[in-house]
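Undergrad: Okay, sequence plus prediction incoming.
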Amino acid sequence: MKVGIISFTEGGALLCARLCSLYARKGWDCRGYVPKRFFRIGWEDIGIVRQEQTLAEWTGSMFREGRNLVFIGAAGIAVRGIAPYVRDKMKDPAVLVVDEMGSYVIPLLSGHVGGANELAVDLAGAIGAQPVITTATDVRGIFAVDVFAAKNRLVITDRRLAKQVSACLLEGKPVGFFSDFLFKDEIQGKWMPEGFRDHACEMNLWITAACKERYGKNCLRLVPRCVTVGVGCRRGTREKCLEEEIESALREGGIHPAAVKTLATIDIKSDEAGLLALAVKKGWELKCYPAERLLAVEGDFKESEFVRRKVGVGNVCERACMAEGGRLMLHKRSKNGVTVAAAQAQVQLETF
């Protein structure tokens, strides 16, 4: 956890030191910032520095670092400070306000996805303060799509539908709940959060890696990033060609593109410009395995003698996507000098 704490008064500086000490014991990456005139010798040992930036400069640096922000002072100061930097509820860091007496903790931004509500409750409990939570689902104890998705690292594929699911739950309307994956706490039957139904309704939620339609248009997909795409290609294959062939293969295999986490290939392709550029563009991890590792992968793979003579293994894409285990979802598909296969890792979900 990365946290930045700023204070403006002597009382705030003392509370800042208390919080920095607390978070240091938790092993968090915490930095505290206090006015020069209130700085005390020894505070540098718990991550506190003299504040020399303007409020705007400090806030901007925290946002760029993806650091959660705690303002010790008036809520208005925090609102003015973060205003130029607020962009996207799915990406903005958590922002909290604590009064200098340590009586109240108020999450201002990214209460769910950014974890501000959870951080506020944790912080309040540590200093004996009252957390002030205002989000409707929390206040009423109703399932929150974004919290559930963040907890399980699921991609929310449609924000409009996510809002509609929450609206239905708040209004007491039933929502269908379906999952292609098991939950860790499942013993008998299927776990289902309160307010949902095990049959299709007007609005539905489906946890899946599939791109096919099953529960109608009003169906929010939450997608785990659990798929590894194995790729083989000719030297010098362009990024656009690789992207088109991978996307086409995913459609053919019925795999949602948001499910892809990793791009895998043989190590002699580790300097392939098209693969490197595509991995960066898509935010995929690129894994490159030596031929010996790929040969050790167990399975029934269709081998090419020509490819074996070239790179030392007769099937790169299937062996590469299966190198870390999992289930082969898409067998070798070859077109325009690009071979593609895909495997799905095991997924176990946490209950809400």
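TA: Sure thing, it's come through.
Undergrad: quick one, what contacts the residue nearest to residue 230 when sequence neighbours are not counted?
TA: Sequence neighbours aside, residue 321 is the residue nearest to residue 230 in space, at 3.1 Å (criterion: Cβ to Cβ, 6 or more residues apart in numbering). (Each C-beta comes from the backbone N, C-alpha and C, glycine too.) Taking Cβ atoms under 8 Å, 6 or more residues apart in numbering as the contact definition, residue 321 lies against 228-230, 264, 328, 341-343.
Undergrad: State the phi and psi torsions of residue 343.
TA: The phi and psi values for residue 343, taken as degrees, to the nearest 10, are phi -130, psi 150.
Undergrad: do the same with residue 306
TA: With angles defined as degrees, to the nearest 10, residue 306 sits at phi -60, psi -50.
Undergrad: And it, how close does it get to residue 234?
TA: Using Cβ to Cβ, to the nearest Å, one obtains 12 Å as the distance from residue 306 to residue 234.
Undergrad: got it, and residue 293?
TA: 22 Å.
Undergrad: Doesn't residue 33 lie inside a helix?
TA: No: Residue 33: not assigned to a helix; according to DSSP: H, G, I helix; E, B strand; the rest coil it is strand.
Undergrad: Tell me who's in contact with the spatially most central residue of the chain.
TA: Averaging the C-alpha coordinates of the chain gives a centre point, and the residue nearest to it by Cα atoms, centre = their mean is residue 153 (4.8 Å). Taking Cβ under 8 Å, 6+ apart as the contact definition, residue 153 lies against 224-225.
Undergrad: a helix runs through residue 87, doesn't it?
TA: No: when three-state DSSP is applied, residue 87 is found to be coil, with no helix at that position.
Undergrad: number of nearby residues for it?
TA: The local packing count at residue 87 equals 9, with neighbours defined by other Cβ atoms under 10 Å.
Undergrad: where's it relative to residue 63, distance?
TA: Here the distance between residue 87 and residue 63 works out to 9 Å (Cβ to Cβ).
Undergrad: Repeat that for residue 304.
TA: Relative to residue 63, residue 304 is positioned 50 Å away (criterion: Cβ to Cβ).
Undergrad: Now do the end-to-end distance for stretch 46-61.
TA: Between the opening and closing residues of stretch 46-61 there is a gap of 20 Å (Cα to Cα, to the nearest Å).
Undergrad: What are the buried residues along it?
TA: The neighbour-count criterion (16 or more other Cβ atoms under 10 Å) identifies 46-48, 51, 55, 58-60 as the buried residues of stretch 46-61.
Undergrad: Many thanks, have a good one.
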